[in-house]
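**Student:** no sequence for this one, just the structure:
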DNA sequence: ATACCGACCTGTCAGC
DNA sequence: TGCTGACAGGTCGGTA
């Protein structure tokens, strides 16, 4: 569900709400749980730890923990439908709740995920997945990621080992703004096209973060607020509707199993 | 090494 | 009303 702007919004909201709080106890649901680390290890790491900060890395939410001087990190990936909610303990537990952390402040931090694509893990050293942060990478490095790749540029944008945090919405939206068709071979983009894509991607991510992300069906931030960037989508979810620039009908095709939206006139 | 494609899950919505 | 199929913000592992 959430891509970089949504995860960034959620992480900022969580940081405001739970930074400095202490985790008193941890409940993990039974069944095949979405855990990448053993349940006992997650329990042991989280219990009694103080939340020193919350931040985003790619599409991951990173809780920096301080447990008796030791630095640990709790990593949450929300998958498609995952949510992290701060709630009063007496409020009803939503269906598909897979983890509940009781905080010293008396509140609960709940992980809810109907489709179970989300993942929880803990790491002891610095969490450093592959891929570059699209907002931090320089242009030369960015251009180098695409060099000699035969894969469609859309797929390259979604590849988290190259850039981390870009998902289906922002890949389509940045390709539209750059005037590049999603099926173009990544390695065949001209330098000028790469330059446009680089700028478009950074701009669209920044604008989306300012808008609090895109809310489609059920995304809300840590405070239950909906994002507003869906109103600025120009191609994503607009199949058959007129291009906002030239009125041509927006097309939807499938690339590597994911839908891709583009304007056949504006993108070449 | 690289690139597709199904699998993993549940929910929703359109069409019949 | 109810059934079926398509589709959904993501990632992984197997295969070609």
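**Tutor:** Okay, I see it. This one's a predicted model, so the numbers in the text were calculated from it and none came from an experiment.

**Student:** Quick one, grab the pLDDT at the residue in chain A positioned nearest to DNA strand C.
**Tutor:** In chain A, the residue that lies nearest DNA strand C is residue A:167 (2.1 Å; Cβ to the nearest atom of the strand). Quick note: C-beta positions are derived from backbone N, CA and C, even for glycine. pLDDT recorded at residue A:167 is 95.

**Student:** Neighbours of the closest residue in space to it that isn't next to it in sequence, how many?
**Tutor:** Take residue A:167 and drop its neighbours on the chain: the residue closest to it by Cβ to Cβ, 6 or more residues apart in numbering is residue A:3, 3.4 Å away. Counted with other Cβ atoms under 10 Å, residues neighbouring residue A:3 total 23.

**Student:** Let's see the distance spanning stretch A:55-70 from one end to the other.
**Tutor:** 18 Å (Cα to Cα, to the nearest Å).

**Student:** ok, the closest residue to residue A:151 other than its chain neighbours - contacts?
**Tutor:** Leaving aside its chain neighbours, residue A:151 sits nearest to residue A:186 (5.5 Å; criterion: Cβ to Cβ, 6+ apart). Residue A:186 is in contact with A:146, A:149-153, A:155-156, counting by Cβ atoms under 8 Å, 6 or more residues apart in numbering.

**Student:** picking that back up, and the residue nearest to residue A:167, backbone torsions?
**Tutor:** Backbone geometry at residue A:3, expressed as degrees, to the nearest 10, gives phi -110, psi -170.

**Student:** With residue A:20 instead?
**Tutor:** The phi/psi pair for residue A:20 (degrees, to the nearest 10) is phi 90, psi -20.

**Student:** Touching, it and residue A:49? I think so.
**Tutor:** No. Using Cβ atoms under 8 Å, residue A:20 makes no contact with residue A:49, being 11.9 Å away.

**Student:** Which one's more surrounded, these two?
**Tutor:** residue A:49 (23 against 11).

**Student:** Let me know the distance separating that one from residue A:16.
**Tutor:** 19 Å (Cβ to Cβ, to the nearest Å).

**Student:** can you pull the contacts of the closest residue in space to residue A:104 that isn't next to it in sequence?
**Tutor:** Closest residue to residue A:104 apart from its sequence neighbours, by Cβ to Cβ, 6+ apart: residue A:22 at 4.0 Å. By Cβ under 8 Å, 6+ apart, the residues touching residue A:22 are A:48-51, A:103-104.

**Student:** Write down the beta-bridge partners of residue A:22, one by one.
**Tutor:** residue A:50 (DSSP bridges).

**Student:** give the contact list for the residue nearest to residue A:167.
**Tutor:** With Cβ under 8 Å, 6+ apart, residue A:3 has these contacts: A:59, A:165-170, A:213-214.

**Student:** swap in residue A:229?
**Tutor:** Taking Cβ under 8 Å, 6+ apart as the test, what residue A:229 contacts is A:5, A:207-208, A:211-214.

**Student:** if we take those residues, which one ends up nearest to residue A:111?
**Tutor:** Using Cβ to Cβ, residue A:213 is the member of these that lies nearest residue A:111, at 18.4 Å.
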